[in-house]
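**Student:** pasting the sequence and the predicted coordinates here, then a few questions.
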Amino acid sequence: MKICVIGLDCAAPEVLLGDPRLKNIRALMARGTYGRLESVIPPITVPAWMCLSTSQDPGSLGVYGFRNRRDHSYDKLGITNADSIEQPAIWDYLARDGKKSIVVGVPPGYPPRRIHGISIGCFLTPNTKDKEFTHPAALKTKINELVGEYPVDVKGFRTDDKGWLKKQIFEMSRKQWKVVHWLMKEQPWDYFHFVDIGLDRVHHGFWNFFDKKHVQYQAGNPYEDVIPEYYRWLDQQIGIVLQALPADTVLLVVSDHGAQRLDGGFAVNEWLIHEGLLVVEEMPTEITPFDKLKVNWSKTKVWSEGGYYARVFFNMQGREPQGIIPAVDYPAFQDEMKARFLALRDDRGEPLNSLVFKPTEIYRHVRNVAPDLIVHFGGLYWRSIGSVGHGRFHVQENDTGPDACNHAQFGAFILVAPNLALRGEYQGAKLLDMAPTMMDLAGYKIPKLMQGRSLAPQTQPR
């Protein structure tokens, strides 16, 4: 039985599952099971898609975001790529049975994975003109014949030029889906997995024009329908996919996380300096990225990497080069810092209601260099701002450019299969459950390494 995964990066369950205009989505919901899908911590594109594909949590993969500490020095951050993932994915398991896969745009997908079948790089690909982004490499020529230069992302999508941004996102998506439809019809496959990154870019660019609860929302704005329009476009493409799929296909439409409004940013390193936990030689007079600060490491206890969430690191004796926190004090200091983050308040003096996690408590394994704490400011309604020089802790400006939304802990899924007994809304599904569920439905043995469970243990006879 074939398996097809249509990944909609950042798809919000309230939109995907709630908009009656999405006729093909509605038809799939009627044929199978669907619901909110709990993502991993942190709920971000890298590593979430590979958590889905391997059914292993971020700690077990040893990947905690786009950038990870290579070692315990202060300045060696590495960008995650396809080689960072060492655990087997669902397409690797199927390859052991001689099954072919087509994997398109699944992050991190650069350099292109050398799988048994076809792979095409994701948005981390530097460019598709000069770099190899397909496996096999010769496939690049056919893609260029189909669509011209193949876009993996909209460069500079954090922009105030929304008219340009909308045009670029739709153009990228049209080319990607044209390639997807061609691959699905013309190339042999047993497992197909495509991730549409355009939806994530639409959310980050236009959520404030769409969400009436957003602090920047203005009724009647000219971009109010961009997000619903893009969902309708995706619904049309899914309709074309449905026409091409054999009747006995296991089909999963899924998002790696959701989307929600962004109320502001919390300048975490600015706060750490104020608290005397991060010491700099001189306070900058203008907004300065953390890696440009002159940090006095001999006096610093804590620092953080910004982003959608905060990765908080401690300066430990015997671990970091100039560590000052004794190892014996680690558990108590970790508890103290967790309490201090939980006590933070918003710009109105109300509780920020942040979530603070210890990696050892949320991951089955903790590999490579993990943060000492993971912080979701305001439950991710606030973004972590790593730069310093704002003159305040709560800001509206994002240090990487305009951003209208943050990620939400819950994405969405719709699952359809001829032997799936479940119907209607399903509650309690987790991202790590998706791979074992698909393998179970398709007649494969669930690998022992997978941490999730099958949602359909009582399948009808195959």
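**Tutor:** Done, it's in. Residues are numbered from 1 along each chain as shown.

**Student:** quick one: buried residues of stretch 415-423?
**Tutor:** For stretch 415-423, the neighbour count (16 or more other Cβ atoms under 10 Å) marks 415-420, 422 as buried. In this view, the C-beta of every residue, glycine as well, is placed from N, C-alpha and C.

**Student:** strands - which of those land there?
**Tutor:** Residues of the buried residues of stretch 415-423 located in strands (DSSP state E): 415-416.

**Student:** how about TSV for the buried residues of stretch 415-423, with distance to residue 318 and pLDDT added?
**Tutor:** What follows is those, written out as TSV (distance: Cβ to Cβ, whole Å; pLDDT from 0 to 100):
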residue	distance to residue 318	pLDDT
415	48	98
416	53	98
417	52	97
418	58	96
419	55	95
420	53	95
422	51	95
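
**Student:** can I get the buried residues of stretch 415-423 in CSV with distance to residue 217?
**Tutor:** As requested, the buried residues of stretch 415-423 are exported to CSV (distance: Cβ to Cβ, whole Å):
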residue, distance to residue 217
415, 33
416, 35
417, 39
418, 43
419, 44
420, 39
422, 37
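
**Student:** wait, which of the buried residues of stretch 415-423 is closest to residue 434?
**Tutor:** Minimum distance to residue 434 across these is 8.2 Å, recorded for residue 415 (Cβ to Cβ).

**Student:** neighbours around residue 368, how many?
**Tutor:** 16 (other Cβ atoms under 10 Å).

**Student:** where are the low-confidence patches of the stretch 351-462 of the chain?
**Tutor:** Scanning the stretch 351-462 of the chain for pLDDT under 70 picks out 457-462.

**Student:** make it 90
**Tutor:** For the stretch 351-462 of the chain, the stretches flagged by pLDDT under 90 are 396-402, 456-462.

**Student:** tell me where the model's unsure across the stretch 101-250 of the chain.
**Tutor:** Within the stretch 101-250 of the chain, the ranges that satisfy pLDDT under 90 run 156, 158.

**Student:** what about the helices in the stretch 351-462 of the chain?
**Tutor:** Assigned by DSSP state H, counting those that start in this stretch, the stretch 351-462 of the chain shows helices spanning 359-362, 434-441.

**Student:** could you dump these to CSV with mean neighbour count and distance to residue 127?
**Tutor:** Below are those laid out as CSV (neighbours: other Cβ atoms under 10 Å; distance: least, Cβ to Cβ, whole Å):
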stretch, mean neighbour count, distance to residue 127
helix 359-362, 13, 35
helix 434-441, 25, 31
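
**Student:** and of these, who's closest to residue 152?
**Tutor:** Of all the helices of the stretch 351-462 of the chain, helix 434-441 sits nearest to residue 152, with 23.5 Å by Cβ to Cβ.

**Student:** contacts for the closest one, please.
**Tutor:** With contacts defined as Cβ atoms under 8 Å, 6 or more residues apart in numbering, helix 434-441 is touched by 1, 3, 5, 37, 52-55, 89-90, 93, 250, 252, 254, 413, 415, 417, 419-420, 445-447, 450, 452-457, 459.

**Student:** what's the spacing between it and its chain's center?
**Tutor:** Mean-position distance between helix 434-441 and its chain equals 21 Å (Cα atoms, centre = their mean, to the nearest Å).

**Student:** and for stretch 30-42?
**Tutor:** Relative to its chain's centre, stretch 30-42 lies at 15 Å (Cα atoms, centre = their mean).

**Student:** now the contacts of helix 434-441: which count as buried?
**Tutor:** 1, 3, 5, 37, 52-55, 89-90, 93, 250, 252, 254, 413, 415, 417, 419-420, 446-447, 450, 452-456, 459.

**Student:** report all helices and strands that the lengthiest helix in the chain contacts.
**Tutor:** Using DSSP state H, we find that the single longest helix of the chain is helix 162-186. Secondary-structure packing of helix 162-186 (3 or more Cβ pairs under 8 Å, 6 or more residues apart in numbering; DSSP states H and E): strand 101-104, helix 139-147, strand 191-196, helix 198-210, helix 226-244.

**Student:** now these as JSON lines including distance to residue 383?
**Tutor:** Formatted as JSON lines, these follow (distance: least, Cβ to Cβ, whole Å):
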{"stretch": "strand 101-104", "distance to residue 383": "29"}
{"stretch": "helix 139-147", "distance to residue 383": "34"}
{"stretch": "strand 191-196", "distance to residue 383": "23"}
{"stretch": "helix 198-210", "distance to residue 383": "11"}
{"stretch": "helix 226-244", "distance to residue 383": "19"}
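
**Student:** nearest to residue 266, of these?
**Tutor:** Each of those was scored for nearness to residue 266 using Cβ to Cβ, and the closest is helix 198-210 (18.3 Å).

**Student:** quick one: that closest one to chain centroid distance?
**Tutor:** Mean C-alpha position of helix 198-210 versus that of the full chain (Cα atoms, centre = their mean) differs by 15 Å.

**Student:** in a markdown table: the helices of the stretch 351-462 of the chain, plus distance to residue 143.
**Tutor:** Converted to a markdown table, the helices of the stretch 351-462 of the chain look like this (distance: least, Cβ to Cβ, whole Å):
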| stretch | distance to residue 143 |
| --- | --- |
| helix 359-362 | 39 |
| helix 434-441 | 27 |
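
**Student:** closest to residue 136 out of the ones you listed?
**Tutor:** Comparing the helices of the stretch 351-462 of the chain by their distance to residue 136 (Cβ to Cβ), the top pick is helix 434-441, with 25.1 Å.

**Student:** can I get that closest one in PDB, CA atoms only?
**Tutor:** The C-alpha atoms that make up helix 434-441 are tabulated as PDB, following Å, rounded to 0.1, in the frame of the first residue of the first chain:
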ATOM      1  CA  MET A 434       2.200   9.900  12.500                       C
ATOM      2  CA  ALA A 435       5.000   7.700  11.200                       C
ATOM      3  CA  PRO A 436       4.100   4.600  13.200                       C
ATOM      4  CA  THR A 437       0.400   5.100  12.300                       C
ATOM      5  CA  MET A 438       1.200   5.300   8.500                       C
ATOM      6  CA  MET A 439       3.500   2.300   8.600                       C
ATOM      7  CA  ASP A 440       0.900   0.300  10.600                       C
ATOM      8  CA  LEU A 441      -1.900   1.100   8.100                       C
END
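
**Student:** what's the angle from it to strand 191-196?
**Tutor:** 150 degrees (axes from the mean of the first three to the mean of the last three Cα atoms, to 10 degrees).

**Student:** quick one: what helix or strand has residue 335 in it?
**Tutor:** helix 330-342 (DSSP states H and E).

**Student:** and that helix, which residues are buried?
**Tutor:** Buried residues in helix 330-342 (16+ other Cβ under 10 Å): 333-334, 337-338, 341.

**Student:** same thing with stretch 305-322?
**Tutor:** Per 16+ other Cβ under 10 Å, stretch 305-322 contains these buried residues: 305-316, 320.
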